[in-house]
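**Student:** any chance you can model this:
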Amino acid sequence: MIFSYPVFRYMGMRSSLPLPSWNVILTQIIFYFILEDFIFYWGHRILHTKWLYKHVHSVHHEYATPFGLTSEYAHPAEILFLGFATIFGPAITGPHLITLWLWMVLRVLETVEAHSGYHFPWSPSNFFPLYGGSDFHDYHHRLLYTKSGNYSSTFTYMDLIFGTDVGYRKLKALKNTRVEDSSDQKKLL
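**Tutor:** Okay, here's the model as predicted:
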């Protein structure tokens with residue numbers, strides 16, 4: 001972070017008044033999420049190739065059942081590689097420092113929530129249909145490295161487009177069917 005500040009300043013980041021409007025902040029944050037999802041998906045998918053998984057990404061997957069702190073537990077090369085996805089948007093737009101801080105806070109909160117192992121009532125996946133959340137990411141951590149799918153970061157549109165969430169969607173449909181069947185049996189009793 002210390003070394004990135006001069007780079008962001010060079011790229012046009014401002015830290016003085018006036019503060020950006022909420023429209024500017026919101027537009028930039030939405031753009032960052034979309035861009036980060038696209039870059040992260042491909043970087044994460046590459047990390048699941050045999051060699052990179054064995055030598056780099058397996059560190060992050062040491063926990064088959066992740067919890068919040070494991071979101072940032074990774075090989076240093078992975079941190080640099082996937083961290084690029086997070087900083088690329090701000091690096092090309094030169095946001096205000098407030099926007100950059102808000103973006104970083106949202107990203108950390110999102111990744112901790114996705115690794116929490118809990119589906120909270122306030123989870124964004126309850127409100128946004130393409131938001132991954134902990135259920136989506138837990139599935140990713142439970143399977144073997146080359147077959148796991150669910151490579152997306154925040155929103156699941158890339159997995160949906162490229163079919164890398166088929167196993168997860170089938171499992172979710174099966175679970176929903178079981179829940180419906182058990183509730184039908186309770187009604188009969």
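**Student:** got phi/psi on the spatially most central residue of the chain?
**Tutor:** Taking Cα atoms, centre = their mean, the centroid of the chain lies closest to Ser153, which sits 2.3 Å from it. The phi/psi pair for Ser153 (degrees, to the nearest 10) reads phi -90, psi -70.
**Student:** next structured bit after the longest helix out of those in the chain?
**Tutor:** Taking DSSP state H as the criterion, the chain has its longest helix at helix 22-47. Next helix or strand after helix 22-47 toward the C-terminus (DSSP states H and E): helix 50-55.
**Student:** now that following helix, how far from the centre of its chain.
**Tutor:** 21 Å (Cα atoms, centre = their mean, to the nearest Å).
**Student:** send the alpha carbons of that helix over as CSV?
**Tutor:** Presented in CSV, the C-alpha positions along helix 50-55 are these (Å, rounded to 0.1, in the frame of the first residue of the first chain):
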residue,chain,number,x,y,z
LYS,A,50,-2.4,-28.2,-12.3
TRP,A,51,1.0,-26.6,-11.9
LEU,A,52,-0.1,-23.2,-10.5
TYR,A,53,-2.6,-24.9,-8.1
LYS,A,54,0.1,-27.2,-6.8
HIS,A,55,2.8,-24.5,-6.3
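**Student:** buried residues, the helix or strand following that helix. List them.
**Tutor:** Using DSSP H and E, the next helix or strand after helix 50-55 towards the C-terminus is helix 76-93. In terms of neighbour count (16 or more other Cβ atoms under 10 Å), helix 76-93 has its buried residues at Glu78, Phe81, Leu82, Ala85, Thr86, Ile87, Phe88, Gly89, Pro90, Ala91, Thr93. Every residue, glycine included, has its C-beta placed from N, CA and C.
**Student:** go on, stretch 41-59?
**Tutor:** Within stretch 41-59, the residues that count as buried by 16+ other Cβ under 10 Å are Tyr41, Gly43, His44, Arg45, Leu47, His48, Leu52, Tyr53, Val56, His57, Val59.
**Student:** contacts only, for the fourth one.
**Tutor:** For Arg45, the contacting residues are Tyr151, Thr164, taking Cβ atoms under 8 Å, 6 or more residues apart in numbering as the criterion.
**Student:** next one: the first one
**Tutor:** The contact partners of Tyr41, taken as Cβ under 8 Å, 6+ apart, are Tyr151, Ser152, Ser153, Met158, Asp159.
**Student:** mind doing that once more with 6 Å?
**Tutor:** Listed by Cβ atoms under 6 Å, 6 or more residues apart in numbering, the contact set of Tyr41 reads Tyr151, Ser152, Met158.
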